[in-house]
Structures are given as C-alpha cells and as structure tokens.
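Colleague: Show me how the following folds:
(one chain, ligands or ions: 1)
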Amino acid sequence: MSTSTSGDVVKDGVHYHQFDIVIVGAGGGGMRAAIEAGPNANVAVISKLYPTRSHTGAAQGGMAAALSNVEEDNWEWHTYDTVKGGDYLVDQDAAEILAKEAIDAVIDLENMGLPFNRTPEGKIDQRRFGGHTRDHGKAAVRRACYAADRTGHMILQTLYQNCVRLGINFFNEFYVLDLITVDDADGSTQIAGVVAYELATGELHVFQSKAIIFATGGFGKIFKTTSNAHTLTGDGVGIIWRKKLPLEDMEFFQFHPTGLYGLGILLTEGARGEGAILRNASGERFMERYAPTIKDLAPRDIVARSMVQEVLDGRGAGPHKDYVYLDCTHLGAEVLETKLPDITEFARTYLGVDPVVEPVPVMPTAHYAMGGIPTNNDAEVLRTNTDVVPGLYAAGECACVSVHGSNRLGTNSLLDINVFGKRAGNNAVEYVKTAEFVPLPEDPAAEVRTLIETLRDNSGTERVAALRKTLQNDMDLKAQVFRTEESLTEVLGTIEELRERYKNIHVDDKGKRYNTDLLEAVELGFLLDIAEVVVYAARNRKESRGGHMRDDYPKRDDDTYMKHTMAYLTGDPHSSDATDHITLDWKPVVITRYQPMERKY
Ligand SMILES: Cc1cc2nc3c(=O)[nH]c(=O)nc-3n(C[C@H](O)[C@H](O)[C@H](O)COP(=O)(O)OP(=O)(O)OC[C@H]3O[C@@H](n4cnc5c(N)ncnc54)[C@H](O)[C@@H]3O)c2cc1C
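Modeller: This next block holds a predicted model:
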C-alpha cells in the first residue's frame, strides 16, 4: 500500500478514495445534485467527459416553468399537459412535483447567474413549445424559459461555475464501469462504491461512498440518426442492468420531429414555438390535418408520426420523396439571428440551406430516452416495484421517475434534471448523515479489471465500428418511429448475432494512456445490452402509445397496457437469446387527478 501524489491510497495498482457521496455524471442532473450536496457533505463528481462537454450543453430551446411572465399560466395546467403529453403513462404525483417545483428551479438558476432572455420589462421571457397549453389544451401557451437557442449551454456553464465556487471535487475523464454492491442474506442489495477507469493513465480507481447518484444521461447512440452526442452510450443504465437491478419503460424512445435531413442534428422545437411551420412536398401545412387545434405544436410523438406518414403516403419532398420541410422563411432574419442563431447556422453549415430564405429539409431523429433506471419521487433507485436500494439515487435522462411517461414534452427535460437533480442531492445528504460506509469486498476492482483485460487482450477479428454501425442501421430501419412484431423480431435477431460477435472483438490499441479505442469497445457492450432491452420490451408491448408506435397494433390499449414495463436481467447475461436472460414485469401507473382520455390536439 502507498499514497499517490494526489493523496489517495494505492494498493495493488488500484487507487482508493473515500467520499460521503459520489455523483456519476457532470451534466445538468449531476451538477445540480452536487450544488445541493457539496456544502453539506464530502462530495465527488466523476465524469467521463470534461463537465462542460456534457450533452446538457447541447440543449437548445428552453426549460418549462409556469411563471406567467408573458401570459396567464399555472402549474396545474403544466401538470395536465405533461400527463396528457406522456399519453397517460406518466406517474401523476411525480408530474405534479415537476410542474410545481419548476418555478423555484428557474429562479434558482436565475440566482446562480443564468443569462435568460428577457422581456422589455426585464422579466424572464417565455416562448411556446409543443404540447404546452393554456387551460387544458385550449391553445399553445408561452411556458419555456430560454437563452436564445443555447439554453442548455447556459445551464451547464452556470451550474459548473457554481460547482467551482463551492469547491466540488471533480474527477474528469474518469469512466465509471461498475457499481460495487454487496448482497445481504435476505436478498437486499447494499452499495459500497463505484469503480472507474482513468482515461489518461489506464489506471483503476475505487471510490468508496455511502451514497451514489447516477446522472449519466441518455443512450441515443443505439440509433444511427440521432441528435445525441457520440458519448451517449448509456453506460450508467447499462451498469445498473448488469447489477441485476430493473429498468423501466425502455421501449419508449422519443424521435424528435426536426432533425436535419440525413444527419439527425437537431433543430429545436423552439423554431416552431416562434412560428415555423412544417410543410410537405406540395407546400401544404400538413399538421392542420393531424392536430387541428395546436398544429405544428402538437407533442413530438404525434408530429414525428405525421411526418413519416406524409412520406409513406408519397407526399415527401426531394428526389427520393423522403423528407418534409421546416419553413422558417416568414419569421424574418432578425428573429432567426437573435432567437434561433445556432440552428440557423447549423442548417447553413451542414445542409447549405439558409433558413432565412428557403425551407429546411427535416426528418425525425432519435432524441430522448423516456425509460431508464426506475426511481421514486425522492430519486431513490428501485430494486422492485416498491423497495429501494438504500443510498442509491438516479436523476436526469438516465432515470425514470416517471414524469415523461411514454412521450416527453419539449423543455421538460432541462426541468427534470434541475428538479430531480436537486432532490437527489438533498436526499443523499440526509441519507449520509446516519449511514455508515459499507465494507468493500476483497478486490472491488476485479470485475472491471477482467472486463478491460478481456477486451484489450482478445485476439478476435471483429471491429467495434462495424458492429456498432450494423446495430445502429438496424435500429433505424426496424425500431424507429413505426415498429411491428416482425421488424422488432428481426432487429432482436441482429442484436443476438452482434452479441455473439462482440465476444470476438478486436481492439487495436493495447496501450494504457488515452485508450479511447478500448473504451469504445466497452461502450459498445453497453449499447448492445441496452438496445436488447429496448427492443425486447417494445416487442412485448402490443399497443401504440406515445413514442412507441406499433403498426400492427395501432391503438392505445388501456385495458391491457396502462402500466409501466419493468425489465430484469434474470438469466445468463452471456447467452445470446434475450428470452433466456430478460424477464419482463409490470408496475402500476400512479393516477391522481386525470383519468386517461383519448388524446386530441
Ligand atoms: C441536441 C439536444 C437538444 C436538447 N434540447 C433540449 C431543450 O431545449 N429542452 C429540454 O428540456 N431538453 C432538451 N434536450 C434534452 C436534455 O438536454 C437532456 O435530456 C438532459 O440535458 C440530460 O441531462 P443529464 O444531466 O441527465 O445528462 P447529460 O447532460 O448527458 O450528462 C451525462 C453525464 O454523465 C457522464 N457519464 C456518462 N457515462 C459515464 C460513465 N460511464 N462514467 C462517468 N461519467 C459518465 C458524462 O460525462 C456526462 O457528464 C436536448 C437534448 C439534445 C441531445
């Protein structure tokens, strides 16, 4: 045993650290938790990215809160919209918390120094967004607080600056690859810490802690066409899964209507909030047919489906009739340059199209995971439908609380990370006041060491990039906006084959320093695990609801499926057949005031 230059203890080449609370992830969710926890406990934030590179920084359009700054609004309407937007699979007690605490969440950020856009009187300005309405669906309402189309960037910078001010300990470019758990005789799980791989050195670090908060973000990279950053490979969700803890509602993935055609780069819904219109090849404003009341501002699942339907019906634009247009030309250069500068530039740079004078080709892009690590309203991770894992928390996109149900409303995620990140931070502080450290097992890094060495030393012939591409292509073709039993069975077959081939993977770089080659292989393992759960759960849900559209079961079926999916890893995780290792169960939806109704917009 020795002590390294940074003060941590080194034993058998592994670094050991001890903190009251470890937060995995330095996006909005993780850093919001750190700001609550930091002043009250000994906290470390571990992040595979430098904090300000987290995907929260890419968020564009806004953060919802019924502030009533520009027109009448209240949190009850916001709750209703969230429940209806989520096609009634939302836990309504959680949605109420989200909408109520939204107001303080925005004011907290304002007090931390976030430069929101302002009204002429100096109040925080608000814009329209899909599915957010006045008085239970009467008309679109201005509820999204924003900072141009860089709202996420401003949130992430503001949170990071405040973490620095509070002296939070950051371990950047550290990849957490395992959660250290100790199973009690009665079958309950205790957590003892996490194991991380340091990118710069290739060394392993064990962080012993009393409480752990997962805030590792989404997993859009299971798809090819996605708005998500390359790093969104779902590691946190994958770690929880491998620890045989459940995952909730994984079949529900959101396809955002306006991805740049062929690329998937996002054009914020804020554009439609400012008045942009979707048109088909003949210039028709087709959303008038699908959602007569709020048209282009219907929730994303409805708009994305309508766009694909237009293309399937032969009304798509372009030489292959395979996209529709986002028309911003009537907004004028000033609105575009001041309120939507980034997306205006994206269209110019990536498609060579100037939104000021011509409509932009768009199609849906994989955007947001509604499902994830199940938690209760205190952000505690569930081990069963009711029991929690003491000291383990999750918040943000990796978690499923569930405020988004089967379809998230735009601007509700930046809100979710702030509300439930804050809750996770506060509850973890309360927990560590009385909790003890759980003793570490003899060699806590053993599993990660084996994983890394097996991948690095494997003499196989399969290439990471080739496997990843096959997965992503197939997910786009067969598990995207429209799904069927047949298409899902096919993609499940592809995943099984890829899981077999993955055992034979080859990593070129055998070195220790900055071995991103190796980490991409690790990430691919998580992508395959997660994609399998997504598709398996999707095949099991024989109805259409929110982001999950089954062409062979086009109707919502409340009698059979008004319940959350809970997926468990129960068998041999190395068997290639999903039926051998995944067990699906259900969890009731919490319904308080809004009985499920047909969704009309
Ligand atoms: C282009 C785009 C635009 C969006 N616009 C909006 C919007 O306008 N409004 C809105 O409400 N929502 C928007 N969203 C959604 C929203 O931004 C995200 O859902 C939200 O920011 C996720 O925050 P998070 O903290 O959960 O995760 P992230 O911000 O993704 O952070 C994840 C963190 O986890 C860390 N991490 C992951 N794996 C590991 C590991 N193995 N070890 C260590 N660290 C790890 C990463 O380093 C990172 O710090 C947008 C999303 C995208 C992609």
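
Colleague: Could you confirm whether stretch 28-35 reaches the ligand?
Modeller: Yes. Contact of stretch 28-35 with the ligand (C-beta under 6 Å from any ligand atom) involves G28, G29, G30. (Each C-beta comes from the backbone N, C-alpha and C, glycine too.)

Colleague: Now intersect the residues you listed with the helices, please.
Modeller: Of the positions in these, G28, G29, G30 sit in helices, assigned by DSSP state H.

Colleague: Tell me the most packed of those, by neighbour count.
Modeller: Neighbour tally across those (other C-beta atoms under 10 Å): the maximum, 36 neighbours, falls on G29.

Colleague: How far off centre is the helix or strand hosting F19?
Modeller: Following DSSP states H and E, one finds F19 within strand 14-24. Averaging C-alpha positions (C-alpha atoms, centre = their mean, to the nearest Å) puts strand 14-24 24 Å from its chain's average.

Colleague: before we move on, back to that, of all the ones in helices among the residues of stretch 28-35 next to the ligand, which comes closest to G546?
Modeller: G546 has its nearest neighbour among these in G29, at 21.9 Å by C-beta to C-beta.

Colleague: Please name the residues that touch the residue nearest to N74 when sequence neighbours are not counted.
Modeller: Leaving out its chain neighbours, the residue that sits closest to N74 by C-beta to C-beta, 6 or more residues apart in numbering is A66, at 5.2 Å. Neighbouring residues of A66 by C-beta atoms under 8 Å, 6 or more residues apart in numbering: D73, N74, W75, W77, H78, A99, A102, I103, R143.

Colleague: host element of A66?
Modeller: For A66, there is no host helix or strand (DSSP H and E).

Colleague: can you check V590 too?
Modeller: Counting by DSSP H and E, no helix or strand carries V590.

Colleague: OK, contacts around it?
Modeller: So V590 contacts D91, Q92, D93, A94 (C-beta under 8 Å, 6+ apart).

Colleague: and the lengthiest helix in the chain with the ligand, contact?
Modeller: If each helix of the chain is counted by residues according to DSSP H, the longest one is helix 516-540. No. Using C-beta under 6 Å from any ligand atom, we find that helix 516-540 stays clear of the ligand, coming within 8.2 Å at best.

Colleague: tell me the strands in the stretch 401-550 of the chain, going along the chain?
Modeller: 462-463, 482-483, 505-506, 549-550 (DSSP state E, counting those that start in this stretch).

Colleague: Where does the prediction get shaky in the protein?
Modeller: 1-7 (pLDDT under 70).

Colleague: In the stretch 251-400 of the chain, which residue sits closest to the ligand?
Modeller: The nearest approach of the stretch 251-400 of the chain to the ligand comes at G396, 2.4 Å away (C-beta to the nearest ligand atom).

Colleague: all strands of the stretch 1-150 of the chain, in order?
Modeller: Taking DSSP E, counting those that start in this stretch, the strands of the stretch 1-150 of the chain run over residues 2-3, 9-11, 14-24, 43-47, 63-64, 126-134, 139-145.

Colleague: what's the offset of the fifth one from the middle of its chain?
Modeller: Think strand 63-64. 16 Å.

Colleague: And the furthest pair within the contacts of A66?
Modeller: Greatest spatial distance among these (C-beta to C-beta): W77 and I103, at 12.9 Å.

Colleague: For the two, indicate the residue with more neighbours.
Modeller: Set W77 next to I103 and count neighbours by other C-beta under 10 Å: W77 wins out with 21 against 16.

Colleague: how much space is there between the more buried one and M31?
Modeller: Using C-beta to C-beta, to the nearest Å, we find W77 at a distance of 29 Å from M31.

Colleague: Burial check on the residue of the stretch 151-300 of the chain found nearest the ligand, number of neighbours?
Modeller: For the stretch 151-300 of the chain, the residue closest to the ligand is G217, as judged by C-beta to the nearest ligand atom, at 2.6 Å. When neighbours are defined as other C-beta under 10 Å, G217 has 31 of them.

Colleague: My reading is that it is in a helix; is that accurate?
Modeller: No. Secondary structure of G217 (DSSP: H, G, I helix; E, B strand; the rest coil): coil, not part of a helix.

Colleague: Next up, phi/psi of it, please.
Modeller: Phi and psi for G217, reported as degrees, to the nearest 10, are phi 80, psi -160.

Colleague: P390 too?
Modeller: Main-chain torsions, P390, degrees, to the nearest 10: phi -60, psi 130.

Colleague: Tell me where the stretch 151-300 of the chain has strands.
Modeller: Going by DSSP E, counting those that start in this stretch, the stretch 151-300 of the chain shows strands at 169-172, 174-183, 189-198, 204-214, 247-248, 253-260, 277-279.

Colleague: want to try TSV for those, with distance to L451 as columns?
Modeller: Listed next are the strands of the stretch 151-300 of the chain as TSV, based on distance: least, C-beta to C-beta, whole Å:
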stretch	distance to L451
strand 169-172	19
strand 174-183	7
strand 189-198	9
strand 204-214	11
strand 247-248	20
strand 253-260	27
strand 277-279	45
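
Colleague: most neighbours per residue, which of those strands?
Modeller: Sort the strands of the stretch 151-300 of the chain by mean neighbour count, taking mean count of other C-beta atoms under 10 Å, and strand 253-260 sits at the top with a mean of 28.
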